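Enquirer: This is the structure alone, sequence omitted:
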Ligand SMILES: Nc1nc2c(ncn2[C@@H]2O[C@H](COP(=O)(O)OP(=O)(O)OP(=O)(O)O)[C@@H](O)[C@H]2O)c(=O)[nH]1
Ligand SMILES: C[S@@+](CC[C@H](N)C(=O)[O-])C[C@H]1O[C@@H](n2cnc3c(N)ncnc32)[C@H](O)[C@@H]1O
Ligand code: SF4
Ligand code: SF4
């Protein structure tokens, strides 16, 4: 397994299959790839199926044992089932999607070997949903959640971005997963680093404190040191996890993932734009890109950014590409 200079072994790969999307969420960071708006047709810049599969095969050689397909909206890729089918057996596969295309395709994805899905849903209020996603597809998302549960793509994790506009919906979302078998909730701290609007952020500790009071049990997940709350209800699990990366050096110190962009670059950190390396064409080139990317990987908060007088500033060691 590849490891960086901060003893972080790389066990996971996140592949952005496209930067296109049928939604236009007001908060979208698009995994650091820029705007999702634009034509929905496949673009020439996107990796071809064979390139994606070759990348996965190289990742598997390095002992990477899980892959997350994301985007943009990864279900806009018509070859998604094929990509999943051709993923090496040593890797578990999961998908993060807005859910709209799951009705009608969830079974095929399951048959292709997909293990589970995360579906973005910030509210149970259709009007608020329309405003947040700048789309009117609430019913398709609800149907998508049902389709994923029926297909056995479990646990189905609902991804809710928590910020000023959504914080009031946290209790109803917690209630939903506490009372529905197969569902989990991920409360994702709003990340302004790429999306802008720092004034939308709320103090995520308030959500931790509130959940602490509700929970029967609290545990830590190894990945990112994320905290998990078990909430009593009718469901067999009732699990709520907080994803709180902003300004959190413990989260970055436990980050074990590298990322592939839709246009075939490897990058070591979601928040950075200065660490993209072209994957290369042959497997030998790809292997070298993995080695170089991991060798230059650094925790974003605490190393790439350092805290001075309460402000995060870029560590001088990494200015002018000194990291490369
Ligand atoms: N800064 C940062 N944010 C992350 C990272 N991983 C996930 N996130 C945030 O969490 C969001 C949802 O992530 P998902 O794609 O659903 O995956 P996940 O929750 O990390 O993965 P699983 O729980 O294993 O399914 C991302 O879009 C980011 O906003 C990370 O490594 N760094
Ligand atoms: C960029 S989307 C890509 C996959 C798919 N289109 C979806 O929405 O699930 C991946 C995840 O990032 C989350 N996300 C987007 N912008 C964010 C932001 N500024 N802060 C925190 N999470 C964000 C979304 O809620 C979603 O769960
Ligand atoms: S559905 Fe996902 S990729 Fe599309 S705009 Fe929303 S968060 Fe971004
Ligand atoms: S190092 Fe980058 S990708 Fe990893 S947790 Fe920190 S911000 Fe996220």
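Expert: Structure's in. What do you need? Worth saying up front: this structure is predicted, and the values here are computed from it rather than measured. Ligands and ions are numbered 1, 2, ... in the order given.
Enquirer: what's residue 260 in contact with, if anything?
Expert: Residues near residue 260 by Cβ atoms under 8 Å, 6 or more residues apart in numbering: 13, 14, 15, 16, 47, 52, 55, 266, 267, 279. Backbone N, C-alpha and C define where each C-beta goes, glycine included.
Enquirer: hmm, try it at 7 Å
Expert: 13, 15, 16, 55, 266 (Cβ atoms under 7 Å, 6 or more residues apart in numbering).
Enquirer: can you check residue 148 too?
Expert: Contacts were defined as Cβ under 7 Å, 6+ apart; by that measure residue 148 touches 102, 106, 117, 119, 156.
Enquirer: sec struct for the first one, please.
Expert: It stands for residue 102. Assigned with DSSP: H, G, I helix; E, B strand; the rest coil, residue 102 falls in the coil class.
Enquirer: measure it to residue 200 for me?
Expert: Residue 102 is 28 Å from residue 200, where distance means Cβ to Cβ, to the nearest Å.
Enquirer: And these two? Which one has more around it.
Expert: Between residue 102 and residue 200, counting by other Cβ atoms under 10 Å, residue 102 is the more crowded of the two (28 against 16).
Enquirer: and the stretch 101-250 of the chain, which residues reach ligand 2?
Expert: Counting by Cβ under 6 Å from any ligand atom, the stretch 101-250 of the chain comes close to ligand 2 at 120, 159, 161, 188, 190, 191, 195.
Enquirer: What is the burial count for the nearest residue to the first one once chain neighbours are set aside?
Expert: So that's residue 120. Closest residue to residue 120 apart from its sequence neighbours, by Cβ to Cβ, 6 or more residues apart in numbering: residue 159 at 4.6 Å. When neighbours are defined as other Cβ under 10 Å, residue 159 has 19 of them.
Enquirer: In terms of secondary structure, what does the helix or strand harbouring residue 159 contact?
Expert: Element membership for residue 159, per DSSP states H and E: strand 156-162. Judged by 3 or more Cβ pairs under 7 Å, 6 or more residues apart in numbering; DSSP states H and E, strand 156-162 is in contact with strand 116-120, helix 138-151, helix 170-178, strand 183-189.
Enquirer: Name every strand pairing with that strand and say which way it goes.
Expert: Strand 156-162 sits in its sheet next to strand 116-120 (parallel), strand 183-189 (parallel), going by DSSP bridges.
Enquirer: For ligand 1, which of these is the nearest?
Expert: Closest to ligand 1 of those is strand 116-120 (Cβ to the nearest ligand atom; 3.7 Å).
Enquirer: Report the angle between that closest one and helix 138-151.
Expert: Angle, strand 116-120 to helix 138-151, by axes from the mean of the first three to the mean of the last three Cα atoms, to 10 degrees: 160 degrees.
Enquirer: Relative to ligand 1, which residue of the stretch 151-300 of the chain is the closest?
Expert: residue 245 (3.4 Å).
Enquirer: So that residue sits against residue 253, correct?
Expert: No - using Cβ atoms under 7 Å, residue 245 is not in contact with residue 253; the gap is 11.4 Å.
Enquirer: Residue 48 - how many residues pack around it?
Expert: Residues within reach of residue 48, counting by other Cβ under 10 Å, total 11.
Enquirer: Per-residue pLDDT of it, please?
Expert: We have a pLDDT of 96 for residue 48.
Enquirer: i'd like the first residue to be 42 from this point on
Expert: Right, with 42 as the first residue, what we last looked at is residue 89.
Enquirer: can you map out the strands along this structure?
Expert: 53-57, 107-111, 133-138, 157-161, 197-203, 224-230, 258-261, 268-271, 280-284, 298-301, 306-308, 318-319, 346-349, 352-355 (DSSP state E).
Enquirer: Hmm, residue 110 is touching residue 57, no?
Expert: No - with contact defined as Cβ under 7 Å, residue 110 does not reach residue 57; the gap is 8.3 Å.
Enquirer: Where does pLDDT dip in the stretch 42-191 of the chain?
Expert: 72-80 (pLDDT under 70).
Enquirer: What ranges does it have for its helices?
Expert: 90-102, 121-126, 147-153, 167-174, 179-192 (DSSP state H, counting those that start in this stretch).
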